[in-house]
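J.: Provided below for reference: sequence and predicted model.
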Amino acid sequence: MKVNVNQPASTQSAGDAFVAKCHEVRVIEDLTYAMAGIQYTAEGGAASYRALQLDVYEPVDDGRALRPALVMACGGAFTRGDRKSDVVPTGEVRNTSASEYCREFARRGYVCFAIDYRLMQEAPDPGWTPTLPPGTLINSERVNFVRAQEGLMPCTPQMMNNTYEAAADDISQAVAFVRASALRFRIDASRIALAGFSAGATAAMNAAYAQGAGVAAVVALSGRIMLSMAESCILGAPGEPPLLLFVGENDLPSQLQSMVAPVEHIQRVGLVHQLVRIPGANHFYPRTVDVHAESDERTTLESLMALFLHQHLRLSAMR
């Protein structure tokens, strides 16, 4: 386990004072949050287990109050990427890594956790908490594109489903670890948010809505919502966490196509949510990209995310 402390950079403008970046950040690396099965077969189960790890980005403050927490899952088409870096440069544009989001929100006062989860090539054990209705087929076009880039064979439908289920299990376990560590990190366990990019966003939504991970808010950066999962799990009942969903205007075709029906369902059932389409963006975009708030005011993705978390996790309650 390694611990580092970073000095704060400049704060934001006075208009953003309620989310000012005024904290130094202490980084605690390589904590194990769970053990999980890999090399799984339907006949024999998991052949072995490995440690699932996370890094903590902790604001250095006066120690007087409980803090909200943010759990962040990396992207990578369930095939690549990790909690240290899941950046994919596309020309002059790069997405912001899970670790960078954690560092920036720790500067705002959140205790942040960048997490790893099992990837497809590990043949993860899908576990006993299914998020997918029986017979579900997941579009694996993007996953197989990335697998080809990594020199891997196309996946089977069962490989796709097993990995999908395992990732949700891992993220739920990460949230459980954070809740169990509330005293250690001075966290208010009622103010935990879950976020992710791409595959991490998909798994985060599955953990929050299908597995009931018990979080107060969800932020999904280009994550996919399965309609079958939305219909069976996102019911709009009181207590379900509000959702902030970002998508690029020119995102992956499968991403754009798969969102229409689930978002319509979410609107019908009354889940508190906000869908933000990022002008001109593809699947990869930085935290500083320009977006429009519901008021049509121009802002950045990070600022809008900060406002959403402030509203639902009551960041000001810690001051």
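T.: Noted; the coordinates are in hand. Numbering: from 1, shown residues only.
J.: for the rest of this, base every contact and every neighbour count on C-alpha atoms.
T.: Will do.
J.: residue nearest the centroid of the protein?
T.: Most central in the chain under C-alpha atoms, centre = their mean is G196, positioned 1.8 Å from the mean C-alpha point.
J.: what does the pLDDT read for A193?
T.: The pLDDT attached to A193 in the predicted structure is 98.
J.: ok, G45 next?
T.: Among the per-residue scores, G45 holds a pLDDT of 95.
J.: just to check, F197 is in contact with L221?
T.: Yes. The pair F197 and L221 qualifies as a contact (C-alpha atoms under 8 Å) at a distance of 4.6 Å.
J.: okay, now the unreliable bits of the stretch 51-200 of the chain?
T.: Judged by pLDDT under 70, the stretch 51-200 of the chain has its weakly predicted residues at 89.
J.: and the helices in it?
T.: Here the stretch 51-200 of the chain has its helices, by DSSP state H, counting those that start in this stretch, at 98-108, 141-149, 157-180, 182-185, 199-205.
J.: can you list these in CSV and add distance to I225 and mean neighbour count?
T.: Supplementary listing: the helices of the stretch 51-200 of the chain in CSV, determined by distance: least, C-alpha to C-alpha, whole Å; neighbours: other C-alpha atoms under 10 Å:
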stretch, distance to I225, mean neighbour count
helix 98-108, 20, 24
helix 141-149, 15, 16
helix 157-180, 12, 22
helix 182-185, 30, 14
helix 199-205, 7, 29
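J.: so which of those helices is nearest S85?
T.: Shortest separation from S85 across the helices of the stretch 51-200 of the chain is recorded for helix 98-108, at 6.7 Å, computed as C-alpha to C-alpha.
J.: helices or strands next to that closest one in the packing?
T.: For helix 98-108, the helices and strands in contact under the criterion 3 or more C-alpha pairs under 8 Å, 6 or more residues apart in numbering; DSSP states H and E are strand 24-41, strand 45-60, strand 67-73, strand 111-115.
J.: please redo it, this time with the cut-off set to 6 Å
T.: On a contact count with 3 or more C-alpha pairs under 6 Å, 6 or more residues apart in numbering; DSSP states H and E, helix 98-108 meets strand 45-60, strand 111-115.
J.: what's the most buried one of those strands?
T.: Across the helices and strands packed on helix 98-108, the average number of neighbours (mean count of other C-alpha atoms under 10 Å) peaks for strand 111-115, which reaches a mean of 29.
J.: please name the nearest non-neighbouring residue to Y285.
T.: Spatial nearest neighbour of Y285, chain neighbours left out: N95 (4.4 Å); criterion: C-alpha to C-alpha, 6 or more residues apart in numbering.
J.: distance of that neighbour relative to R103?
T.: 15 Å (C-alpha to C-alpha, to the nearest Å).
J.: rewinding a little: comparing F197 and L221, which residue is more hemmed in?
T.: A count of neighbours by other C-alpha atoms under 10 Å puts F197 above the other of F197 and L221, at 28 against 25.
J.: please name the residues that touch that one.
T.: Neighbouring residues of F197 by C-alpha atoms under 6 Å, 6 or more residues apart in numbering: C74, G75, L221.
J.: likewise T131?
T.: Taking C-alpha under 6 Å, 6+ apart, one finds A210 in contact with T131.
J.: in contact with the residue nearest to Y285, which residues?
T.: Residues near N95 by C-alpha under 6 Å, 6+ apart: V87, F284, Y285, P286.
J.: quick check: closest non-adjacent residue to Y40.
T.: Leaving aside its chain neighbours, Y40 sits nearest to A46 (4.1 Å; criterion: C-alpha to C-alpha, 6+ apart).
J.: tell me how far that neighbour lies from A166.
T.: For A46 relative to A166 (C-alpha to C-alpha), the value is 12 Å.
J.: swap in G196?
T.: Following C-alpha to C-alpha, the distance that separates G196 from A166 is 15 Å.
J.: also Y209?
T.: Here the criterion is C-alpha to C-alpha. By it, Y209 lies 15 Å from A166.
J.: do Q311 as well
T.: Distance of Q311 to A166, given as C-alpha to C-alpha: 31 Å.
J.: next: E264.
T.: Remark: distance between E264 and A166 (C-alpha to C-alpha) = 27 Å.
J.: again with K21
T.: Relative to A166, and taking C-alpha to C-alpha, K21 is found at 35 Å.
J.: can you check F145 too?
T.: Note on F145: its distance to A166, by C-alpha to C-alpha, is 21 Å.
J.: same deal with M226?
T.: Distance check for M226 against A166: by C-alpha to C-alpha, it reads 16 Å.
J.: what does R268 give?
T.: Computed with C-alpha to C-alpha, the distance linking R268 and A166 is 29 Å.
J.: do F113 as well
T.: Using C-alpha to C-alpha, we find F113 at a distance of 19 Å from A166.
J.: what's the answer for A189, then?
T.: As defined by C-alpha to C-alpha, A189 lies at a distance of 24 Å from A166.
J.: closest to V276 out of the contacts of N95?
T.: Sorting the contacts of N95 by how near they are to V276, with C-alpha to C-alpha, puts Y285 at the top with 13.0 Å.
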